[in-house]
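Trainee: Output the structure for:
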Amino acid sequence: MLRWIIISIIILILDYYAFQTVKTITKNYWFYAIYWFVSFFVLGNLIYHYSSFSRSDRFTISHGYALAYLFGIFVPKLILLLFMFGEDILRAVLVLINKVSNSNPDNIAYSASRRGFVSKIALGIAAIPFASFIYGIYQGKYNFKVINHVLHFEDLPDAFDGYKITQISDIHSGSLESKEKISYGIDLINEQKSDAILFTGDIVNTKAEEMNEWIDTFKKLEAKDGKFAVMGNHDYGYYAYGNDKALNNENQRQLEEVHSKIGFDLIMNDNRKIERNGQTINILGVENWGASRHFPKRGSLKEATKSIGENDFNILMSHDPSHFDYDKMELNTNDRNNHDLITNETNIIDFEKHIHLTLAGHTHGMQFGIEVPSLGIKWSPVKYRYPKWAGLYEEAGKFLHVNRGFGYLAFPGRIGIWPEVTVITLKKGTKVV
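Mentor: Residues are numbered from 1 along each chain as shown. You can find the predicted model right below:
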């Protein structure tokens, strides 16, 4: 509790400083009362939800909203604080100059009038992130975008020229709320009329039971050649059950049943062949494997490819994009998931068999960023953690696509990074530039 007292004091001191902006432009005491009521309510709500919680609580809907309200209210106030701090520094400099030079004190009055102008500018700018948070929480998380890519391969079997794949990722059913909005997303996927649907993991936040009320919704997904899936780091139960192996195994058993009820063919270090006119392509799926030491490492490319030919065309589902090109490192044997199978896994780029296309998710694009494709702008803070964090990448003749996610986690919204339905069309031959 001491920690929360210290945090609250720091927040309230900063909040009081930001409040000076409001005092500069209005003397309405009812407005003051509302300001402080909202501040104390948001802070109190956060303390109520986070002062005592289990491992999995951080991913519940109510905990997510407590965090969202804190960011939505206090991030704009930080902007106010920065403007006022800058103005105070300038005012202090002016006072010092007046004292040293014995200038007319009217300069100080001018500085005070400028403070009111700066306050209005600060409030106007602070309104932008505030409005963004509100939109992101109530609309942005359902602003589904269909993103199309056409990829050319000289060794694509002729029968698969024009083959369409829809990729979705990171459903995180424990965070979902609106059946109507999610059903709209499902209909949008079906409208693509793809040959196959590939889901790249994290169907739940912590427990298999989170998906129970959503099974009937997601079982409506349709694809001619099937719906294939892999597991993500959240699907193993560690966020709920820690290192309790028995509970983790039971959670995984239930999760496998969930996939089956939806109609997902769950591929775990294995592969499936899709055949057309006597020709085939392979859909590979590995369990979670990423460079981070904090997540389970059960993925095995060797197991997934042991039954495929040297010249086969291969599409891989691997939840974590760091699997694609991570630098080899010493794995921490004290990892909290050290009871997992931690393989001596090479990255996908250096793997002995050719993986033409890898599909991943995991990053969500941090659910926050700026993307303006027409201007070539694409940025999110998550890029400093995952250099390949969203969209299409090519390296050493191999493609990686990182899906921005269908759902959302912890923060119940999206700002600038919208939920994604990816449609990839495979074409025979070389891309014409």
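Trainee: per-residue confidence for the nearest residue to residue 155 once chain neighbours are set aside?
Mentor: Nearest in space to residue 155, with sequence neighbours left out and distances taken as C-beta to C-beta, 6 or more residues apart in numbering, is residue 313 at 6.3 Å. Backbone N, C-alpha and C define where each C-beta goes, glycine included. Note for residue 313: predicted pLDDT of 98.
Trainee: check contacts around residue 38.
Mentor: Residue 38 makes contacts with residue 73, as judged by C-beta atoms under 8 Å, 6 or more residues apart in numbering.
Trainee: which SS class is it?
Mentor: Following DSSP: H, G, I helix; E, B strand; the rest coil, residue 38 is assigned to helix.
Trainee: Please determine how far the most centrally placed residue in the chain is located from residue 50.
Mentor: Compute the mean C-alpha point of the chain, and by C-alpha atoms, centre = their mean the closest residue is residue 364, 2.0 Å away. From residue 364 across to residue 50, the span is 21 Å (C-beta to C-beta, to the nearest Å).
Trainee: How about residue 187?
Mentor: With C-beta to C-beta as the criterion, residue 187 and residue 50 are 36 Å apart.
Trainee: who has more neighbours, the two?
Mentor: Under the criterion of other C-beta atoms under 10 Å, the comparison of residue 187 against residue 50 puts residue 50 first, with 15 against 12.
Trainee: so what's the more buried one scoring on pLDDT?
Mentor: At residue 50, pLDDT is 83.
Trainee: Over to residue 53?
Mentor: 68.
Trainee: do the same with the one 4 residues further on
Mentor: Residue 57 is assigned 69 on the pLDDT scale.
Trainee: same thing with residue 164?
Mentor: 98.
Trainee: Phi and psi next, for it.
Mentor: phi -110, psi 130 (degrees, to the nearest 10).
Trainee: Distance of the closest residue to it other than its chain neighbours relative to residue 401?
Mentor: Residue nearest to residue 164 in three dimensions, not counting chain neighbours: residue 194, with 4.2 Å by C-beta to C-beta, 6+ apart. Distance of residue 194 to residue 401, computed by C-beta to C-beta: 14 Å.
Trainee: tell me the contacts of residue 80?
Mentor: By C-beta under 8 Å, 6+ apart, the neighbours of residue 80 are 18, 21, 122, 123, 126.
Trainee: Which helix or strand lies directly C-terminal to the strand or helix carrying it?
Mentor: Applying DSSP states H and E as the criterion places residue 80 in helix 61-101. As assigned by DSSP H and E, the chain's next helix or strand after helix 61-101 is helix 106-138.
Trainee: Show residues contacting the next helix or strand after that following helix.
Mentor: Following helix 106-138 in sequence order, the next helix or strand is strand 145-153 (DSSP H and E). With contacts defined as C-beta under 8 Å, 6+ apart, strand 145-153 is touched by 188, 192, 313, 356-357, 391-392, 399, 401, 418-431.
Trainee: next one: stretch 23-36
Mentor: With C-beta under 8 Å, 6+ apart, stretch 23-36 has contacts from 19, 22, 115, 116, 119, 120, 123.
Trainee: Please tell me how far the third one sits from residue 140.
Mentor: Distance, residue 115 to residue 140, by C-beta to C-beta: 34 Å.
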